[in-house]
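[1] This is a predicted model, with the sequence first.
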Amino acid sequence: EAGVAQSPRYKIIEKRQSVAFWCNPISGHATLYWYQQILGQGPKLLIQFQNNGVVDDSQLPKDRFSAERLKGVDSTLKIQPAKLEDSAVYLCASSWRMDRQETQYFGPGTRLLVL
Amino acid sequence: RKEVEQDPGPFNVPEGATVAFNCTYSNSASQSFFWYRQDCRKEPKLLMSVYSSGNEDGRFTAQLNRASQYISLLIRDSKLSDSATYLCVVQLQGGKLIFGQGTELSVKP
């Protein structure tokens, strides 16, 4: 079974530039998550989708971050404009449903460096 | 106060040692509990779920105390391959995972 795919794997940009990340979840998984992991910390949920609807975006900095999941499959996360503190690994995860005990499978992440 | 707090690391232990990680959580509405493992520059992967009755998977034993909101992980007979960061995780209703900051384990020959 193919895992969660993410691209690009690495990105270096200057502050105030824009950047977009892409995620393709495991086939058939209805729930998709974007996490931000800053060096030395655990992942923090940014946004959760159930199919193409947003379930939780309470920790998404909406003045600069946006995400969509058109057609309920692939998802993109955008940052515009980027700040130095956005340097982190952006992890996408998916699960079959959003029930408790439902295992979330993580993609390899996109490592972002903002200069 | 952080929602999930773990022992600060790193833990440096010799092969064959027994090592214990502790974790506390603040949200009494937390419904499910896990330990994830994260290798350097890799994504987190589920190590095991944690139940109130305690559960064991080979050399790994996890315990949950809901009354004191405490989670533990015990690794017996440590191997070099156990070197990683161990993340304590609670799950809220609706699926949201809350991660601790992680505890780094380094097993030396």
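    Here it is on my side, so go on. Numbering: from 1, shown residues only, chains lettered A, B, ... in the order given.
[2] List the residue ranges of the chain that fall below the pLDDT cut-off.
    Here I'm looking at chain A. Scanning chain A for pLDDT under 70 picks out the ranges A:1, A:98-101.
[3] Chain B contacts on that one?
    Neighbours of chain B within chain A, by C-beta under 8 Å from any C-beta of the partner chain: A:31, A:33, A:40-45, A:48, A:55-56, A:91, A:95, A:97-104, A:106-109. C-betas here are computed from N, CA, C, even on glycine.
[4] Buried members of those into PyMOL, please.
    Buried subset of the residues of chain A next to chain B, written as a PyMOL selection, criterion 16 or more other C-beta atoms under 10 Å in any protein chain shown:
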select buried, chain A and resi 31+33+42+43+44+45+48+55+56+91+95+98+104+106+107+108+109
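[5] how many other residues sit next to residue 51?
    Here I'm looking at chain A. 12 (other C-beta atoms under 10 Å in any protein chain shown).
[6] you looked at the wrong chain, it should be chain B
    By other C-beta under 10 Å, 12 other residues sit near B:Tyr51.
[7] Correct me if wrong: it contacts B:Leu64.
    Yes - counting by C-beta atoms under 8 Å, B:Leu64 is a contact partner of B:Tyr51 at 6.1 Å.
[8] Name the residues contacting each of these two.
    Common neighbours of B:Tyr51 and B:Leu64 (criterion: C-beta atoms under 8 Å, 6 or more residues apart in numbering or on different chains): B:Phe33.
[9] If we ignore the residues flanking it in sequence, what's nearest the closest residue to chain B within chain A?
    Residue of chain A nearest chain B, by C-beta to the nearest C-beta: A:Gly42 (3.0 Å). For A:Gly42, ignoring the flanking residues on the chain, the nearest one in space by C-beta to C-beta, 6 or more residues apart in numbering or on different chains is B:Phe99 at 3.0 Å.
[10] quick one, what contacts the one you found?
    The neighbourhood of B:Phe99, defined by C-beta under 8 Å, 6+ apart, consists of A:42-44, B:4, B:36, B:44, B:87-89.
[11] if we go to 7 Å?
    The neighbours of B:Phe99, taking C-beta atoms under 7 Å, 6 or more residues apart in numbering or on different chains as the test, are A:42-43, B:4, B:87, B:89.
[12] Using JSON lines, lay out these together with distance to B:Asp77 and secondary structure.
    Compiled in JSON lines, the contacts of B:Phe99 are given as follows (distance: C-beta to C-beta, whole Å; DSSP: H, G, I helix; E, B strand; the rest coil):
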{"residue": "A:Gly42", "distance to B:Asp77": "27", "secondary structure": "coil"}
{"residue": "A:Pro43", "distance to B:Asp77": "29", "secondary structure": "coil"}
{"residue": "B:Val4", "distance to B:Asp77": "27", "secondary structure": "strand"}
{"residue": "B:Leu87", "distance to B:Asp77": "22", "secondary structure": "strand"}
{"residue": "B:Val89", "distance to B:Asp77": "24", "secondary structure": "strand"}
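[13] from these, which two are the most distant?
    The largest separation in those, counting by C-beta to C-beta, is between A:Pro43 and B:Val4 at 11.3 Å.
[14] all strands for chain B, in order.
    Ranges of strands in chain B, per DSSP state E, are B:4-6, B:11-14, B:19-25, B:32-38, B:45-49, B:55-57, B:60-65, B:70-75, B:84-91, B:97-99, B:103-108.
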